[in-house]
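Colleague: below are the sequence and a predicted model for it; my questions follow.
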Amino acid sequence: MKQLKHSPNQLKKQPLVSIIIPCFNDPTNVHYAIQSCIEQTYTNIEVIIIDDGSVPKLNIDFQLYPPNVKLVHQKNQGVAKARNYGVKLCKGEYLKFLDSDDELLPTCVETQVKQLLNSSDTISFIGYRTVFGKKSIEGTPKFDNFLDAIFQGNIAPLHCGLYPKSAIENIGGFGHEGPIGESFEDYDFHVKLAFSNIHTIVSHDVGVIYKKRPQSRSSDQKKAFSANIFILKQAIAHIEKPNEELSNSIINGLCDLAIQSGQYSTLFTEFQLILKKLRFSDKSEKTFRYKIIASNRLKCGSESAKKWWRLIFDALPATTPPTSDLIPPTYSVRASSLELHTHKFDGPLLAEALMRCLKARDIYLWGVSPTSEQWIQMLHFFGKAPTALVDSNPQAASFNGHNCIKPESLTLGKEDVIIICSKSAYFAIYESCIGYGWEENIIHFV
């Protein structure tokens, strides 16, 4: 993607931008984060590193950096309180939050400041490059309405945003109580901003690097799902009369969360009363689609899953097919060369993958994800079921009634197949399969 080439001195107004970097026991990566800040083409910035009780205490050689880089220490209180401390100390009109293991690209701040110069009470979001080891993929936050979009998941990594300090102070900064204190405080932060009626603007330039690591906080799925459920329940409870569009966004977000987490019983308990206040049109194309999805999922899966989908089905009004043509589904396909490809309903590839499954003796799904849920559904309609789900670190003994096993306990024969069901860890899982000698058993379809 193109980057802006103008010089910062072309900007008539140069508001101060504060970049806040919380750091806990990460002395190596934080230097790359700081370096990415001081290499910004926009120069009116201050960089505040909050050492959140690192052991040993974080030290920085200030001879390497300009005077606008500052380091402060606090007792270990967690990333949310570290960011809030940075907000209290900083002097910038606009704020950016950067984790110690992430980086900014050189024109990031300049691009976003330029967007905000003629806008008040507005957040700027910029595109991001997600890095998995030696592989990477780029993305852009895509949404029409901030409040509608936030119910379908966090819209972007936190450091994609450039936020007015006044807006952050108005919502009380980052939450740190309950499940939010352990995970997803950035999602809670965006939810509160969305409810404040702030405006948003998006740059399609790639401005930040987001590094995903197996040991990162965002990889702890159990805590993340618990925090997600907590945040959504609080947010929905504050909506007195959701309109149709917002109701569709909420139901879509809850269904995605159910599929991703598999926590059907918890979701049923937490949201069965809340769902009753949602409003849907019996002539809506979206409502028609959700009704079909819920109806199909009632035919298979665990008892707790069926109970959840019955709740969704009953919450939607009886519908008739809309007069407009339905949009065909979209599948993301990975070719055997491991290059990423996206196809609109690529029938031949799907048919080939399913044919291999129908001929297979045992079918294994590596990964507990929405993709594995989709494969369970597809296989069910062909009278097949996965033998087990494979996971390097199983969070539970089973998923939707199927056992979860570690790869080292598995032996594949020539008639067995394994389907990689994790997008974020696809390449790592592929390399593991090669290491186990399973290259010929892999079905490359996500």
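Modeller: Cool, the structure landed.
Colleague: does Tyr290 really touch Cys255, like I thought?
Modeller: Yes: taking C-beta atoms under 8 Å as the definition, Tyr290 is a contact partner of Cys255 at 7.3 Å. Yep, even glycine has a C-beta here, placed from its N, CA and C like the rest.
Colleague: what do those two both touch?
Modeller: The overlap between the contact sets of Tyr290 and Cys255 (C-beta atoms under 8 Å, 6 or more residues apart in numbering) consists of Ile312.
Colleague: ok, the residue nearest to Ser196 when sequence neighbours are not counted - how many residues close by?
Modeller: The shortest distance from Ser196 to any residue other than its chain neighbours is 5.7 Å, reached at Ile171 (C-beta to C-beta, 6 or more residues apart in numbering). For Ile171, the number of neighbouring residues by other C-beta atoms under 10 Å comes to 17.
Colleague: one more: Pro67?
Modeller: Applying other C-beta under 10 Å, I find that Pro67 has 7 neighbouring residues.
Colleague: and Leu158, by the same measure?
Modeller: 22.
Colleague: quick check: closest non-adjacent residue to it.
Modeller: Excluding its sequence neighbours, the residue lying closest to Leu158 (C-beta to C-beta, 6+ apart) is Asp186, at 4.1 Å.
Colleague: for the closest residue to Asp282 other than its chain neighbours, which residues are in contact?
Modeller: On the basis of C-beta to C-beta, 6+ apart, the spatially nearest residue to Asp282 that is not a chain neighbour turns out to be Pro317, at 4.3 Å. Residues in contact with Pro317, defined by C-beta under 8 Å, 6+ apart, are Phe280, Ser281, Asp282, Thr287.
Colleague: got a winner among those residues for most neighbours?
Modeller: Thr287 (21 neighbours).
Colleague: is it true that that residue touches Phe280?
Modeller: Yes: if you go by C-beta under 8 Å, Thr287 and Phe280 touch, sitting 4.6 Å apart.
Colleague: overlap in contacts of these two?
Modeller: Going by C-beta under 8 Å, 6+ apart, residues that sit against Thr287 and also against Phe280 are Asn248, Leu316, Pro317.
Colleague: tell me which of those is nearest to Leu275?
Modeller: Using C-beta to C-beta, Leu316 is the member of these that sits closest to Leu275, with 9.5 Å.
Colleague: I'd like to know how far the closest one sits from Glu244.
Modeller: Taking C-beta to C-beta, to the nearest Å as the measure, Leu316 and Glu244 are separated by 12 Å.
Colleague: what about those two, which has more around it?
Modeller: Comparing Leu316 with Glu244 by other C-beta under 10 Å, the one with more neighbours is Leu316, at 23 against 14.
Colleague: in stretch 414-427, what's buried?
Modeller: Of the residues in stretch 414-427, those scored as buried under the neighbour-count criterion (16 or more other C-beta atoms under 10 Å) are Asp416, Val417, Ile418, Ile419, Ile420, Cys421, Ser422, Lys423, Ala425, Tyr426, Phe427.
Colleague: do the same with stretch 293-313
Modeller: Neighbour-count burial for stretch 293-313, counted by 16+ other C-beta under 10 Å, picks out 293-294, 297-298, 300-302, 304-309, 311-313.
Colleague: what about that stretch, how long is it end to end?
Modeller: With C-alpha to C-alpha, to the nearest Å as the measure, stretch 293-313 spans 9 Å from end to end.
Colleague: contacts for that stretch next, please.
Modeller: Residues from elsewhere that reach stretch 293-313, judged by C-beta under 8 Å, 6+ apart: 251, 254-255, 258, 262, 264-265, 267-268, 271-272, 275, 290-291, 316, 376-377, 380, 400-401.
Colleague: that's all I had, so thanks and see you.
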